[in-house]
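Peer 1: Sequence first, then the predicted structure, then my questions.
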Amino acid sequence: MNIQILHLLEGARAASGLTVIIDVFRAFSLECYLYALGAETIFPVDTLEKAYQYREKYPGSLLAGERKGKKCAGFDFGNSPSAIINFPIRGKKVIHTTSAGTQGIANAHGAEEIITGSLVNASAVAQYIRAKNPETVSLVCMGVGGRRRAKEDYLCAEYIKSLLKQQPFNISRGISNLRYDGGTHFFDPDRQDVFPKEDFHLCVKYDQFPFVIRIRKNDAGDTCTEKIDVL
Ligand SMILES: O=C(O)[C@H](CS(=O)(=O)O)OP(=O)(O)O
């Protein structure tokens, strides 16, 4: 198994084989929490226009996501896991657009298969890959806005790689360091309305979900996701 770690939007475009689009803060952590709360499916989209269009197309659906971290106009919620915990999600379709994570999915044209990656389901991702045993695995770290590298996504990629290679890895120490490099904005008192510290804690609870999120097309040909239990 050839494992490559790629970065940002250009990394998504270069990805091949079984591709894991990684976004720890916060897109794919949020999606795991949405599925854990019973979401029926999630539509990851790149543009706001498509998000609003899908809301019309799929009556009763919810809109989630951000631009510059902030909830978009007319959306039901932003990109914050802590904000959805008490929201009635069960059975809902959720349309999700973000600056980095969902852009990675939209740009991974060369991938054979796409799943999402985050610390909260990292072991499940590794288990899924091991079971499939593909020739090539691309771990794509989406970073900040898909344009600037971020420590948390690289940490997640290295962790998944270590699990695949069955090599020791100190994930707890890596997570402790994120508090000071990668996740500092969650501890800025002036930005708690957009990046609450609860989100940091929810996004770094590693290996809590025993499922992966796989990208597929629905009957209408729209890109959506499905939750696959693996552990
Ligand atoms: O909402 C987030 O945490 C980020 C904003 S940005 O990429 O740091 O500008 O979006 P995401 O797509 O989840 O990385």
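Peer 2: It's in. Numbers count the residues shown, from 1 in each chain.
Peer 1: Could you use CA atoms for every contact and neighbour count after this?
Peer 2: Will do.
Peer 1: Mind giving me the packing neighbours of the helix or strand encompassing residue 50?
Peer 2: Element membership for residue 50, per DSSP states H and E: helix 48-57. Here helix 48-57 touches strand 62-67, strand 93-97, going by 3 or more Cα pairs under 8 Å, 6 or more residues apart in numbering; DSSP states H and E.
Peer 1: So what touches the longest one?
Peer 2: Defining contact as Cα atoms under 8 Å, 6 or more residues apart in numbering, one finds that strand 62-67 is touched by 27, 51-52, 55, 71-72, 74-79, 92-99.
Peer 1: Now it: average pLDDT?
Peer 2: For strand 62-67, mean pLDDT rounds to 98.
Peer 1: Can I take it that residue 3 is in a strand?
Peer 2: Yes. Under DSSP: H, G, I helix; E, B strand; the rest coil, residue 3 falls within a strand.
Peer 1: what about it, distance to residue 59?
Peer 2: Residue 3 is 41 Å from residue 59, where distance means Cα to Cα, to the nearest Å.
Peer 1: These two: which is more packed in?
Peer 2: Counted by other Cα atoms under 10 Å, residue 3 and residue 59 do not tie: residue 3 has more neighbours, with 17 against 9.
Peer 1: So what's the predicted local confidence for the more buried one?
Peer 2: Residue 3 is given a pLDDT of 98.
Peer 1: do the one 5 residues further on as well
Peer 2: At residue 8, the pLDDT value in this model is 98.
Peer 1: again, but for the one 5 residues further on
Peer 2: In the predicted model, residue 13 carries a pLDDT score of 98.
Peer 1: what sits against residue 163?
Peer 2: 123, 126.
Peer 1: Can you point out the buried residues in the helix or strand it falls within?
Peer 2: Using DSSP H and E, residue 163 falls within helix 151-165. Buried residues in helix 151-165, counting neighbours by 16 or more other Cα atoms under 10 Å, are found at 151-164.
Peer 1: Stretch 186-194 now?
Peer 2: So, applying 16+ other Cα under 10 Å, buried residues of stretch 186-194: 186-187, 194.
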